[in-house]
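**Q** I need the structure of the sequence given here:
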Amino acid sequence: MSAVRDLLEYRRARLWFINNKERIRGSFSGKYVAILGERVIDNDSDKFLLIQRLWSRGIFPGPVLIERVD
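**A** Numbers count the residues shown, from 1 in each chain. The predicted model follows:
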């Protein structure tokens, strides 16, 4: 992916997270979620383990939003 496309995907994920935060909170409260596009692709209570798992699956952080759900 290009840097511009990564940024657009990241912004899309951010907007989706903001608009769906209450629904996401119901399932992932207290955890970090990784969002790609308009879906949660993984979650963990440890941010670094989540990032490691994404890398091991070949998912690089450019377009992925990682947020803690409080």
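
**Q** How many residues are close by V4?
**A** Applying other Cβ atoms under 10 Å, we find 8 residues neighbouring V4. Backbone N, C-alpha and C define where each C-beta goes, glycine included.

**Q** how near is it to Y10?
**A** 11 Å (Cβ to Cβ, to the nearest Å).

**Q** Kindly report the same for I18.
**A** Taking Cβ to Cβ, one finds I18 at 13 Å from Y10.

**Q** More neighbours: the two, which one.
**A** Higher neighbour count among I18 and Y10: Y10, with 17 against 9, using other Cβ under 10 Å.

**Q** ok, now which ones touch the more buried one?
**A** Contacts for Y10 (Cβ atoms under 8 Å, 6 or more residues apart in numbering) come out as 62-65.

**Q** all helices of this structure, in order?
**A** Under the criterion DSSP state H, the chain contains helices at 3-19, 21-28, 47-56.

**Q** V69: which of those is closest?
**A** Minimum separation from V69 across the helices of the chain (Cβ to Cβ) falls at helix 21-28, 4.5 Å.

**Q** now what about that closest one, what contacts it?
**A** 17, 33, 40, 43, 69-70.

**Q** buried stuff in stretch 17-28?
**A** 17, 24, 28 (16 or more other Cβ atoms under 10 Å).

**Q** before we move on, the earlier item: what is the nearest of the contacts of Y10 to S56?
**A** Nearest member of the contacts of Y10 to S56, counting by Cβ to Cβ, is V64, at 13.6 Å.

**Q** Wait, that closest one touches I35, no?
**A** Yes: using Cβ atoms under 8 Å, V64 is in contact with I35, at 6.9 Å.

**Q** so what sits against both of the two?
**A** Common neighbours of V64 and I35, using Cβ under 8 Å, 6+ apart, are 13, 41.

**Q** what ranges of the chain fall below the confidence cut-off?
**A** For the chain, applying pLDDT under 70 flags the ranges 1.

**Q** No more questions from me, cheers.
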